[in-house]
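# Got a predicted structure plus its sequence, pasted below:
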Amino acid sequence: MEIENQGFLSHRVRYWLGCYALLIIPIGMLSVFVYIPVLWAFIGSLYAFEVGGDSEFLGLTNFIEFLFRDPTTWPSVGNMFFLTGFMVVTRLTMPLIVAKLIFSLTREPSRYFYRVVFLVPIVVPGVAMQLIWAGMIYNDAGMINEFLRAAHDWVQLRGIDIDLEGLTRGWLADPRTALFAVAFVGFPWVGGIDVLIYYAGLSGIPTSVNEAALIEGCTGLRKFFLIDIPMVMSQLKLIMVISLIMGIQMFEGLFIMTRGGPGFRTMVPALWMYFNAFSFQRMGYGCAIGVFLFALIFGCTVLTFRYVRSTEELEGRA
């Protein structure tokens, strides 16, 4: 019996060692491509240096300059919070409404068809979408301006004195509209996987809950707000965290469409970090901005997990 126990323990040890050995490669890759660069950024934020050049230790000077001396900092942070808040609101509402409409269809083939329709936009690269919006919609001869000109001609033919053509403009070049134009990219904000995430949450609501709501006469908007939304709070929490991270890290679309312009009207910290690091060769200052964004993302994520309740947590409290 003792020999059998030793053999069993030896087998379990080999099994667990094999399992942990399988983790060596992904942990090693994460360390090389994620953890070490992050650590390097933290250390680099304390220095002034160029790539391949000498470095000079500055301590917290880079952070002090960014927070208190750089005139770009707080306008860019304000733009970032506006765009992030706009993204959070749209991704928490529009995809959920569409998912509810699809889920309310009675025929499964119809549900499947619309799920595919709303998933198709995900195959379009983000860069291509930004270029389409900048060139075909916001351009001087783009869709919005051409629509305004056509509407102006239509009302003039009917003797209506409204100057709709005067509303045309370079939407990304006008300081009054540039930030809002960037925020509206992707309208109506229902493409991608958000709809599927919410649909999965709605599909996971127990049938007994829906039947009880029907018996009690809780239908329509009342059921949507009192039952459906609390039952998909886990999905809402996930989308909120992802949206906060994406909004704070926002860089690609602004770099393609405006490069922070006109002036600094659409500048955000992530884009300012890129310009300082790779255009102005201030790598240490760029690292300091990156550390600031890391702290901001970490803080927002912690607050979200602390104060936004998931479905499981709501059920536990109930």
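Received, thanks.

# does Y285 really touch Y274, like I thought?
No: here Y285 does not reach Y274: they are 11.6 Å apart, not a contact under Cβ atoms under 8 Å. (Each C-beta comes from the backbone N, C-alpha and C, glycine too.)

# if you count what's nearby, which of the two comes out ahead?
Higher neighbour count among Y285 and Y274: Y285, with 26 against 18, using other Cβ atoms under 10 Å.

# helices and strands of the chain: which one has the lowest mean pLDDT?
helix 311-317 (a mean of 63; mean pLDDT, DSSP states H and E).

# For F42, see how far away A295 is.
In this view, A295 and F42 are 10 Å apart by Cβ to Cβ, to the nearest Å.

# quick one, helices of the stretch 1-150 of the chain?
For the stretch 1-150 of the chain, applying DSSP state H, counting those that start in this stretch gives helices covering 2-22, 24-30, 36-44, 61-64, 73-103, 108-119, 126-132, 143-157.

# Switch the ones you listed over to TSV, and while doing so, append mean neighbour count to every line.
Shown next, in TSV, are those (neighbours: other Cβ atoms under 10 Å):
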stretch	mean neighbour count
helix 2-22	9
helix 24-30	10
helix 36-44	14
helix 61-64	18
helix 73-103	18
helix 108-119	13
helix 126-132	14
helix 143-157	14
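
# Tell me which of those helices lies nearest to G290.
helix 36-44 (5.2 Å; Cβ to Cβ).

# can you list contacts of the closest one?
Residues outside helix 36-44 that contact it (Cβ atoms under 8 Å, 6 or more residues apart in numbering) are 283-284, 287, 290-291, 294.

# One more pass at 7 Å, please.
283-284, 287, 290-291 (Cβ atoms under 7 Å, 6 or more residues apart in numbering).

# Can you pull out the residues in contact with stretch 168-187?
79, 82-83, 86, 130, 133-134, 138, 140, 144-145, 148-149, 253-254, 257-258, 262-263, 265-266.

# Low-confidence regions, the stretch 51-200 of the chain specifically.
By pLDDT under 70, the stretch 51-200 of the chain has no low-scoring segment.

# so which of the contacts of helix 36-44 comes closest to L164?
G290 (44.9 Å).

# mind checking how far the one helix or strand the closest one maps to is from the chain centre?
If you go by DSSP states H and E, G290 is part of helix 283-307. Helix 283-307 has its C-alpha centroid displaced from the chain centroid by 15 Å (Cα atoms, centre = their mean, to the nearest Å).

# Could you do stretch 140-153 as well?
Taking mean C-alpha positions (Cα atoms, centre = their mean), stretch 140-153 and its chain are 31 Å apart.

# what's the answer for stretch 264-272, then?
On Cα atoms, centre = their mean, the centre of stretch 264-272 falls 16 Å from the chain's centre.

# same check, this time on stretch 118-138
With Cα atoms, centre = their mean, you get 16 Å for stretch 118-138.

# measure it end to end?
23 Å (Cα to Cα, to the nearest Å).

# same thing with stretch 273-285?
First residue to last in stretch 273-285 (Cα to Cα) measures 8 Å.

# try stretch 213-231
Using Cα to Cα, first and last residues of stretch 213-231 are 13 Å apart.

# contacts for stretch 147-166?
167-168.

# Please export the C-alpha coordinates of it as CSV.
The C-alpha trace of stretch 147-166 is given here as CSV (Å, rounded to 0.1, in the frame of the first residue of the first chain):
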residue,chain,number,x,y,z
PHE,A,147,-26.0,66.3,-48.2
LEU,A,148,-26.1,69.9,-46.9
ARG,A,149,-25.6,71.3,-50.4
ALA,A,150,-28.3,69.1,-51.9
ALA,A,151,-30.7,70.1,-49.1
HIS,A,152,-29.8,73.7,-49.6
ASP,A,153,-30.7,73.5,-53.3
TRP,A,154,-33.9,71.7,-52.5
VAL,A,155,-35.2,74.3,-50.0
GLN,A,156,-34.1,77.2,-52.3
LEU,A,157,-36.2,75.7,-55.1
ARG,A,158,-39.2,75.8,-52.9
GLY,A,159,-38.6,79.4,-51.8
ILE,A,160,-37.5,78.6,-48.3
ASP,A,161,-34.8,81.1,-47.1
ILE,A,162,-32.5,78.8,-45.2
ASP,A,163,-28.8,78.8,-45.8
LEU,A,164,-27.9,75.2,-45.3
GLU,A,165,-24.9,75.5,-47.5
GLY,A,166,-23.4,77.9,-45.0
